[in-house]
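S.K.: how does the following fold in three dimensions:
(one chain, ligands or ions: 1)
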Amino acid sequence: MLKMFIQLLGKDLALFRRYVYMALIYGVLCGLTVTVLVPILTQLLSGNLPAAVPWLVVLLIGIATCWGLRRYVEQAGVRVGVAVLQGGRHRLGEHVARLPVGWFTPSNTARLSHVATQGMMAVAQLPAHVFTPVITGVVAPVIIIIALFVLHGPLGLTALVALPLLAGVFFLTTKLARRADNAFQRHFADTSQRVVEFAQAQSVLRAFSGESGSTRFLEKAVAKQHRSGVRLACLSALSALLNAWTVQVVFAVLLVVAMLGMNIHLGGTLTEENIIGATIALLLVSRLIDPLLEVANYGEVLRSARGQLDEIHHILSATPLPEPRAPRSPCSAAIELRDVHFRYAPREPAVLNSVSLYIAPGSMTALIGESGSGKTTLARLIARFFDVERGSILIGDVDVRQMSSVHLASQISQIFQDNYLFTGSIADNIRIGKPDASDAEMTEAAHQAGVSEIIERLPQGIDTQVGEGGARLSGGERQRIAIARALIKNSPILLVDEATAALDAENQAAIAEVLAQLRGHRTILVIAHQLSTVAMADQIVVLDGGQIVEQGSPEQLRASQGRYAQFLSQRQAAKGWRITQDDADGACS
Ligand SMILES: Nc1ncnc2c1ncn2[C@@H]1O[C@H](COP(=O)(O)OP(=O)(O)OP(=O)(O)O)[C@@H](O)[C@H]1O
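M.R.: This next block holds a predicted model:
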């Protein structure tokens, strides 16, 4: 737990060290202040008031110093908390920015958002509100036990034996509720994910699930969270009870030992000194128990914080894509796949199997194949969304793993189906492709992508707000803005995942126009669904079950009467369906 906390602190570790030293000094001082009671009570019970006065002064100074120091320790704890919150979030952000895009599954995204908000907040509160009482609660009793040893050997020994015993019980009770805590955290993240999904997919849920059915997935997640919450509450209460009982049992044992000691003396030589010593020892025992009880009470908070730290650890231990020590630059915009094998996870089936492909610089390749044949995966591997399992992908004769991620990103523009528009204006979204783009470049990219017509229609033109995720625009409008964003970047390689259904004929024409304009000027790989696009390509690659089954120019493949010819006839048959005036009245031809 401490290791993870320290990892989160990074360069702010010095702050934490300072805080821990101060908390330790504070704990020692608290323990010593309590032990000052020994000479005071000894002198008072012996009727020697003048001899007690200097010790009383020491006690008052001790109390005042403890009080003052506590404030400093708390301030130092708050500083550590702020460092964890700011530095930790920063570190988390830097780390996830280097993770492969494939890591961002809905469940990991929900986990990340939970950790970055609630998790970090809970962890940041630890130093000021939990570590200080826990450190004091452990250190002060150690000092008191030393004093007990001096005063009453058997009592000191019993207390010393009790400490590891208590630690053992605390450890076991923590373990008892730990699993329940992990399950609760998991279900909590799942529910958060479902809530977001519920809000985002309202139209789909209502259309397909009916009024009550639309909440079914969410209700299931909430019910699971509720069950694990109840289990966690029961186990937490049980462990808190066990901790408190153990401390009370230790207290009782110490009392019995003290009584037995007095009893032995009663049978023999019971002196005034013995009685005073035993009485003070009993008082010290009671002062020993209070901090231990406090530590026991913090067990649950510590366990839950550990759960949050485990979640943070889970994210920080995800392996980023390695960056090369000596990055290389490609010599051209050629793309080459050499015997590429890929699967999404170790135990999942292979998605690409021994794929080798060469795309000449400035040429256009159309990738076609059945749904699930691996087209999108292949395109994503070129942009290094993931690393290949075996084989290599080269751009301009340089393995993408030997290029810096920034340089690789600068070489490739992508127009994928899941284009995301950020909250802001149309201009802001296009400018993401090239933040320092001039107005002329903006106009040119907007014109090429067919955004000019959209802008002309809107009262605020290019400054129109697109809404969250581009919600205020149509699918086709979003797509065109994404194209303009990719075009303004002006990179030598363009990866396009042509949408099948999202685009109307007008938008499809815009994409076709863009591809026609860029053909010969950029290296283009397009996952093609339209006949017009495929016909434009210099090379067609047919994928099936993660393998290239056909490859060649449109003419060659048409002549070979293979899979491409099949694709062609299917598309032509589909194109044959036309809605006529009669259809409008209810019949199709
Ligand atoms: N993130 C992922 N994790 C695990 N498996 C995945 C992931 N993305 C895709 N797959 C699987 O990889 C296989 C290939 O998917 P891919 O999206 O590359 O196919 P595709 O040919 O582009 O399909 P489509 O034309 O329908 O988009 C499919 O079986 C799919 O289920």
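S.K.: pLDDT of stretch 160-178, averaged?
M.R.: Across stretch 160-178, pLDDT averages out at 79.
S.K.: using PDB, list the CA coordinates for that stretch.
M.R.: Extracted C-alpha coordinates of stretch 160-178, given in PDB (Å, rounded to 0.1, in the frame of the first residue of the first chain):
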ATOM      1  CA  LEU A 160       5.000  -6.200  24.300                       C
ATOM      2  CA  VAL A 161       3.600  -9.700  23.500                       C
ATOM      3  CA  ALA A 162       0.200  -8.200  22.900                       C
ATOM      4  CA  LEU A 163       1.400  -5.700  20.200                       C
ATOM      5  CA  PRO A 164       2.300  -8.300  17.500                       C
ATOM      6  CA  LEU A 165      -0.800 -10.200  18.500                       C
ATOM      7  CA  LEU A 166      -2.900  -7.100  17.900                       C
ATOM      8  CA  ALA A 167      -1.200  -6.500  14.600                       C
ATOM      9  CA  GLY A 168      -1.900 -10.100  13.500                       C
ATOM     10  CA  VAL A 169      -5.600  -9.700  14.300                       C
ATOM     11  CA  PHE A 170      -5.800  -6.300  12.500                       C
ATOM     12  CA  PHE A 171      -4.200  -8.000   9.500                       C
ATOM     13  CA  LEU A 172      -6.600 -10.900   9.500                       C
ATOM     14  CA  THR A 173      -9.700  -8.700   9.900                       C
ATOM     15  CA  THR A 174      -8.400  -6.500   7.000                       C
ATOM     16  CA  LYS A 175      -8.100  -9.600   4.800                       C
ATOM     17  CA  LEU A 176     -11.600 -10.700   5.800                       C
ATOM     18  CA  ALA A 177     -13.300  -7.700   4.300                       C
ATOM     19  CA  ARG A 178     -10.700  -7.100   1.500                       C
END
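S.K.: before we move on, which element is the residue nearest the centre of the chain in?
M.R.: By Cα atoms, centre = their mean, the chain has its centre lying nearest to residue 112, at 2.8 Å. Assessed by DSSP states H and E, residue 112 sits inside helix 106-114.
S.K.: would you mind listing the buried residues in that helix?
M.R.: 108, 109, 110, 111, 112, 114 (16 or more other Cβ atoms under 10 Å). In short, each C-beta sits where N, CA and C put it, glycine included.
S.K.: same thing with stretch 223-233?
M.R.: In stretch 223-233, the ones that count as buried by 16+ other Cβ under 10 Å are 224, 225, 228, 229, 231, 232.
S.K.: and the second one, what does it touch?
M.R.: For residue 225, the contacting residues are 184, 187, 188, 190, 191, taking Cβ atoms under 8 Å, 6 or more residues apart in numbering as the criterion.
S.K.: out of the residues you listed, who's nearest residue 239?
M.R.: Nearest to residue 239, judged by Cβ to Cβ, of the contacts of residue 225 is residue 184 at 14.2 Å.
S.K.: now do the contacts for that closest one.
M.R.: Residue 184 sits in contact with 225, 228, 229, 231, 232, 307, where contact means Cβ under 8 Å, 6+ apart.
S.K.: same check on residue 415?
M.R.: Going by Cβ under 8 Å, 6+ apart, residue 415 touches 479, 482, 483, 486, 494, 495, 496, 497, 511.
S.K.: and it, how far from residue 514?
M.R.: 9 Å (Cβ to Cβ, to the nearest Å).
S.K.: and stretch 1-16, average pLDDT?
M.R.: 81.
S.K.: does the closest residue to the ligand within the stretch 201-350 of the chain lie in a helix or a strand, and which?
M.R.: Taking Cβ to the nearest ligand atom as the measure, the stretch 201-350 of the chain has residue 344 as its residue closest to the ligand, at 3.4 Å. Using DSSP H and E, residue 344 maps to neither a helix nor a strand.
S.K.: quick one, what contacts it?
M.R.: Residue 344 touches 102, 351, 386, counting by Cβ under 8 Å, 6+ apart.
S.K.: neighbour count and distance to the ligand for these - can I get that in CSV?
M.R.: Shown next, in CSV, are the contacts of residue 344 (neighbours: other Cβ atoms under 10 Å; distance: Cβ to the nearest ligand atom, whole Å):
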residue, neighbour count, distance to the ligand
102, 15, 5
351, 21, 4
386, 18, 9
